Structure formats: structure tokens, C-alpha cells
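**Q** What shape does this take:
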Amino acid sequence: MTVSYPRIYRYRGSTRLAIIGLGLIFLGMAAGGFYLGLIEWREPDGDWFTRFAWPAISTFFLISGVIWLVETLRASLALYPDRLVCQTAWSRYEVRRDDISGIKIASGSAKHIHLPIVLKDGRTCTVEIFGARDDVLDGWFAGIENLDRNEAKEVAERLFENSAYGPARDIRERRARRDQTCVQWAYCLTSGLTLWGMLWPRPLPWCMGALAGVCLLIVVLAILNRRRWALHDIAQDNRVHVGGLAIAPSVILALRACAEGDFVDWTAFLVTAGLAGMVAFLVIRRLEHPSFKAVDLFAWPLYAAWFAGVLSFGNWYFDDARPKIIPVEVVARGEGSDYTLTIGAWGPKTGTEDVDVPKALYDKTPVGGRLCVHLHPGRLGWEWYEVCPCQAESKPST
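**A** Numbering: from 1, shown residues only. I've put the predicted structure just below:
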């Protein structure tokens with residue numbers, strides 16, 4: 001096939017129109033966000049978080065919209081027999097074919113491909129391919145080593161050589177692929193539980209129990225099958241990695257549990273959860289593999305999050321003691337989308353404090369009105385409280 005060089009690829013047709021439209025939508029969202037932020041700043045009692053959130057979000061959309069528009073107008077890839085020249089929104093660079101050590105697996109659609117290229121000197125540059133792929137483009141990159149594919153092949157080879165999967169190669173491959181398939185299905189299960197906890201965690205005890213239980217089950221099964229499964233990402237490991245299954249459920253568990261009951265003093269609770277998570281992490285990590293690196297400590301917060309969720313939930317949900325009821329005065333009302341009331345000093349709180357309340361309670365409580373703080377001792381000894389109408393029952397809402 002005769003090729004005419006340079007061969008230039010750009011955004012064209014419907015792809016070009018779609019990206020321009022996306023950029024304009026982002027700019028419109030940025031304008032709307034700045035307008036809402038300006039309204040919030042004009043309010044004398046505007047919520048401080050919202051005041052900064054709107055400008056921050058709007059700035060993100062503004063930058064994204066500008067980048068999309070400029071890239072659509074300027075981006076191109078010029079292909080020569082011995083080199084390529086890539087023009088992006090803000091930069092232009094040239095890569096010679098002889099300087100390429102290998103490429104990574106490309107990501108993106110057929111009309112926009114994101115291709116990291118590793119040079120022989122160790123540097124990495126990213127080539128954006130614009131326009132539809134064709135045989136000329138594929139032929140230019142043919143013969144260049146695919147580094148990701150080789151790395152994936154090495155991981156598979158280590159896994160198939162794990163004697164825990166069986167004595168023969170074909171048996172090991174079959175059992176290892178079966179475990180990998182089980183992990184993929186398990187990701188669907190944990191994703192569903194995570195959405196349950198995020199969107200509608202009702203009935204709450206069942207939701208919290210499922211989140212805590214699935215994380216504990218993953219850890220227990222990984223320890224019992226530690227010759228085949230690994231919770232942590234260990235270099236040159238020959239086991240199936242299952243630790244990622246517990247990340248989202250443990251985080252949602254902690255966020256949900258801590259949001260349901262507000263501690264009087266968070267310090268003791270956070271220290272306890274952190275220490276418990278650290279001990280569990282060190283013990284389990286030691287059982288998995290004797291070698292240890294400082295970078296492995298990045299997995300510790302996930303254990304701490306699980307303990308924080310379980311301890312917080314147990315502390316307030318199983319607290320059957322009669323609370324101490326303390327009347328307080330509402331000194332201010334928050335504005336904006338948050339239903340926040342500022343209450344006066346009470347008990348161990350020596351100053352005013354902003355508390356989030358249900359919409360119904362917010363609507364019927366004026367400045368100068370009275371509410372009652374229900375101070376609970378906590379099943380595990382950490383005092384927690386909720387703000388209620390003074391005639392309400394003291395049992396926490398679930």
C-alpha cells in the first residue's frame with residue numbers, strides 16, 4: 001500500500017461537533033455555578049462551605065470547557081515514516097521511531113486514543129491520536145513492543161506457576177482462571193452493596209451488617225486461602241489479588257456509621273479505631289508475606305475505616321441507656337441547601353455549634369426557639385448526642 005506522508009489525523013465530523021458541544025456545555029455550567037456562588041456570597045448568613053464549593057466547581061468546569069474547545073481546534077497528529085509530531089491543546093512535541101522503547105496499551109475510543117509511549121532514555125510521553133484509526137496508523141506502531149501486554153503476561157505466568165493451584169500446568173491454569181472469574185463476580189456484589197449504603201441504607205442494621213460482614217468475610221477467606229489469594233499488592237506475587245473487594249464497602253461503612261451519631265469528643269474514638277486498624281493490618285500483612293515495605297502502610301486506613309464503622313455503629317445503635325436531656329437555644333439559622341441550626345453552649349460544649357437537623361425540624365424552629373440535646377453515654381463508652389424537639393423521644397432514629 002502506497003502511503004503519502006505526512007499523514008495527518010484530526011478531529012473531524014460528528015466527533016468534532018460532539019467535543020465542541022461538550023466544551024460549550026461545560027462553559028455554561030461554569031457560568032451557572034459562578035452565578036449561584038455570587039448569590040451565596042451576597043447572603044449575609046450564607047453557608048461557608050457552599051460559598052467556596054460553587055466557585056471551586058465552576059472553575060473546574062471552566063478550565064475543562066476551555067481545554068476541550070482549544071484542543072478541538074488545535075489538536076493533530078502528523079505521521080512520518082521515521083517520526084511522529086503531536087500537537088495538543090497547549091504543547092507540540094516530536095517523537096522519533098528509533099527512540100521508542102515500547103508502548104502501553106492504548107485507551108479510548110476508535111476516534112480518540114490515549115497512547116503512552118516509553119522512550120529508551122526512560123521518559124514517557126503521551127500521544128493523542130485524533131480521527132478514525134486506519135491501517136496506516138496501525139502499521140506504523142506494528143512491531144513496537146507492548147509493555148503492558150508483556151507485564152500482564154508475566155503476571156499470568158507467575159500465577160500459573162503457583163503450586164497451590166495443583167500439580168499440573170493445565171490444572172493450575174483452570175483453577176487460577178476460576179478464581180479470577182469469582183473475583184470479577186464478587187466485584188459486582190460489593191459494588192451493589194456499596195450503592196445500597198450510599199443511596200438508601202434501609203433497613204439500616206441490615207445494610208451496615210452486610211457492609212461489615214462482606215469486608216470481614218473477604219479478609220477471613222483470604223487468610224484461610226493465603227497460598228492462592230492476597231489482600232495486599234505485593235511485588236512479584238503469584239496469587240490472585242482480592243483486597244480491592246473490601247475498599248468501597250469499608251469506606252461507606254465508616255461514613256454511614258459516623259454520620260448517624262455525632263460524638264461529643266472524636267479524639268478517643270478515632271485513636272481507638274486507628275490503633276485497632278493498625279494492629280489488624282500488621283498482623284494480616286505478616287501472615288500474607290514476611291517481607292514488608294513502608295509503602296504497604298497505604299493499606300492501613302482501610303482497616304481503620306472498617307473498625308471506625310463497626311465501633312461507631314455499635315456504640316450508638318446498641319445504646320439503650322436513658323439519655324441526659326439538655327435544653328438549648330437556637331441562636332442562628334443557616335441559609336442555603338443545608339438545614340443547619342446554630343445552638344448555644346451546652347454540657348461539655350462551651351461555645352456555639354452548628355448542627356444539621358431534618359428539614360421538618362429546621363422549618364419550624366425560629367431563632368430564639370428551644371431544642372433539646374439528647375446526650376447518650378454510648379454502649380462502648382463514647383458519649384454521643386442528637387438534637388431533637390424537646391418533646392421528642394430520646395431513642396435515635398434509624
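
**Q** Give the rounded mean pLDDT of stretch 81-89.
**A** Summarised as a single mean, pLDDT over stretch 81-89 is 86.

**Q** how long is it end to end?
**A** Stretch 81-89 has its terminal residues 24 Å apart, counting by C-alpha to C-alpha, to the nearest Å.

**Q** So which residue is dead centre in this protein?
**A** Central residue of the chain (C-alpha atoms, centre = their mean): A248, 7.6 Å from the mean position.

**Q** Which pLDDT value belongs to that residue?
**A** 92.

**Q** Please apply the same query to A186.
**A** A186 carries a pLDDT value of 93.

**Q** Surely it and L245 touch.
**A** Yes - assessed by C-beta atoms under 8 Å, A186 is found in contact with L245 at 5.4 Å. C-beta coordinates here come from the backbone N, C-alpha and C atoms, glycine included.

**Q** which residues are common contacts for the two?
**A** Each of I218 lies in contact with both A186 and L245 under the rule C-beta atoms under 8 Å, 6 or more residues apart in numbering.

**Q** Got the phi and psi for the residue nearest to the centre of the chain?
**A** When read as degrees, to the nearest 10, the backbone of A248 gives phi -60, psi -50.

**Q** list the contacts for it?
**A** Contact analysis of A248 by C-beta under 8 Å, 6+ apart lists 190-191, 194.

**Q** any idea which strand is longest in this protein?
**A** Assignment by DSSP state E gives strand 324-333 as the longest strand of the chain.

**Q** strands paired with the helix or strand following it, and their directions?
**A** For strand 324-333, the following helix or strand on the C-terminal side (DSSP states H and E) is strand 340-343. Paired strands of strand 340-343, with direction, are strand 324-333 (antiparallel), strand 353-356 (antiparallel) (DSSP bridges).

**Q** Just put those strands in a markdown table and tack on mean neighbour count, distance to E161 and mean pLDDT.
**A** Rendered in a markdown table, the data for the strands paired with strand 340-343 read as follows (neighbours: other C-beta atoms under 10 Å; distance: least, C-beta to C-beta, whole Å; pLDDT from 0 to 100):
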| stretch | mean neighbour count | distance to E161 | mean pLDDT |
| --- | --- | --- | --- |
| strand 324-333 | 15 | 64 | 90 |
| strand 353-356 | 15 | 55 | 84 |
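
**Q** mind putting these in CSV, distance to L253 included?
**A** Output for the strands paired with strand 340-343, formatted as CSV (distance: least, C-beta to C-beta, whole Å):
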stretch, distance to L253
strand 324-333, 29
strand 353-356, 20
